[in-house]
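Novice: Provide a 3D model corresponding to the input given below.
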Amino acid sequence: MAEYKYSTLAVHAGQYPDPQTGAVNVPVYLSSTFELTGIGTDKGWDYSRAGNPTRDRLEEALAVLEGGSSAHAFGSGMAALTALMAPLHAGDHLICSHNVYGGTARLLDEVICHFGIEVEYVDLANLDAVAAALKPNTKLVHVETPTNPLMQLTDIAAVAELAHKAGAEVSVDNTFLSPVLQSPLALGADIVMHSTTKFLNGHSDGLGGVLVGTKPEHRDRYILMQKALGGILSPFECFLVLRGIKTLPLRMKQHDENGRAVAAFLSAHPKVQKIFYPGLASHPQHELAARQQKGFGSMMTLELDSKDAVGRFLSALKIFLNAESLGGVESLASHSATTTHAGMTEERRQAIGITPELVRLSVGIEDKEDLIADLAQALEAV
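Specialist: Next up, the predicted model:
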């Protein structure tokens, strides 16, 4: 289906009518096991951990949307990250964005490092630092761009070039922008990861994760991880993501429009000390965002003058909900230091810039004038 435009692909990739019934929606196959046709033969499925018809359709759709060769759905974004890291061996070296999502850091610091894997956090915006960090035993460079919540960018093409010369693969967490606004594989990345919980699903009603690979060995590797680790996505939640991606281009267009408007408002407000949003010309990596991305999205972080101010601001919001997730149709606000990065020590948070004065916004698809009015009245309470 590669010849079709993106909005057409979102509706139809992997979502053709059911050949048995003609149903235009992909059926939800709530079956843990499947009848075999003989000894060692089947109709394509034998056990749902190894494969399920509904999951197959979702994986087909996500591979098309990211421009990959295969996609593999997992029970959460963290399950997908675990499957990404698990094939590494003792003695391997892994490089990760230094101000990464707190859950990623927790996985690396409290689980993966105990397998004898050397984990190193590097400022991936600094290409000299990337080049200096690469070693003969570096197997993977994991990039989060934009980072959560400081919205720092990594030049994917430049990092991929450096990593490939050193014999390492590059994975990119594309959760914040979705395949509509950023195409890491087209920029040279080897693997794309998403928390499908966020923009891909888009309705805050299901957890999920996905890895999209580009090589035959990725397909073999992540099918093994699904079978061996078992953290696969349920058929019903596969259906929810399939439903969500049908409207993904439309939603991302509105998210992007609203995000730009909200960021412009906040950047001019006297009570906002700082705004982190690559769509603003004042962002130090605005040029990279304009070149690398197909839009700026709806994720941003603002800084107020105290933690008490943050508390008053969050309590005064009416449309924005004080909740931890992102990427749904509704607007959310969260205090990163006590939610997404609560598992880090205060010293580590301070070192990477996660201060108590930060509020992360996930701007939804409501009317942008209503959202700006809500933020304005909440800032009056500060």
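Novice: Which parts of the stretch 51-200 of the chain are strands?
Specialist: 70-74, 93-97, 118-122, 138-144, 169-173, 191-194 (DSSP state E, counting those that start in this stretch).
Novice: Mean pLDDT added to the ones you listed, as CSV?
Specialist: Converted to CSV, the strands of the stretch 51-200 of the chain look like this (pLDDT from 0 to 100):
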stretch, mean pLDDT
strand 70-74, 98
strand 93-97, 98
strand 118-122, 98
strand 138-144, 98
strand 169-173, 98
strand 191-194, 98
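Novice: Tabulate these in a markdown table, adding columns for distance to Val64.
Specialist: In this view, the C-beta of every residue, glycine as well, is placed from N, C-alpha and C. Below are the strands of the stretch 51-200 of the chain laid out as a markdown table (distance: least, CB to CB, whole Å):
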| stretch | distance to Val64 |
| --- | --- |
| strand 70-74 | 9 |
| strand 93-97 | 27 |
| strand 118-122 | 32 |
| strand 138-144 | 22 |
| strand 169-173 | 18 |
| strand 191-194 | 13 |
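Novice: right, and the ones you listed - which one's nearest Pro284?
Specialist: Nearest to Pro284 among these is strand 93-97 (16.0 Å), distances taken as CB to CB.
Novice: Mind giving me the packing neighbours of that closest one?
Specialist: helix 102-110, strand 118-122, strand 138-144 (3 or more CB pairs under 8 Å, 6 or more residues apart in numbering; DSSP states H and E).
Novice: Looking at the strands of the stretch 51-200 of the chain, which is nearest to Ala80?
Specialist: Of all the strands of the stretch 51-200 of the chain, strand 70-74 comes closest under CB to CB, at 4.2 Å.
Novice: any chance you could read off phi and psi for the most centrally placed residue in the chain?
Specialist: Using CA atoms, centre = their mean, the residue of the chain that lies closest to the mean C-alpha position is Thr175, 1.7 Å off. Main-chain torsions, Thr175, degrees, to the nearest 10: phi -60, psi -40.
Novice: Show the pLDDT at it.
Specialist: Thr175 carries a pLDDT value of 98.
Novice: Same check on Ala323?
Specialist: 97.
Novice: Please apply the same query to Ala2.
Specialist: 62.
Novice: residues contacting Phe74?
Specialist: 80, 82-83, 208-211, 226, 231-233 (CB atoms under 8 Å, 6 or more residues apart in numbering).
Novice: related to what we said a few turns ago, out of the helices and strands packed on strand 93-97, which gets nearest to Leu65?
Specialist: That would be, of the helices and strands packed on strand 93-97 and by CB to CB, strand 138-144, which comes in at 19.0 Å.
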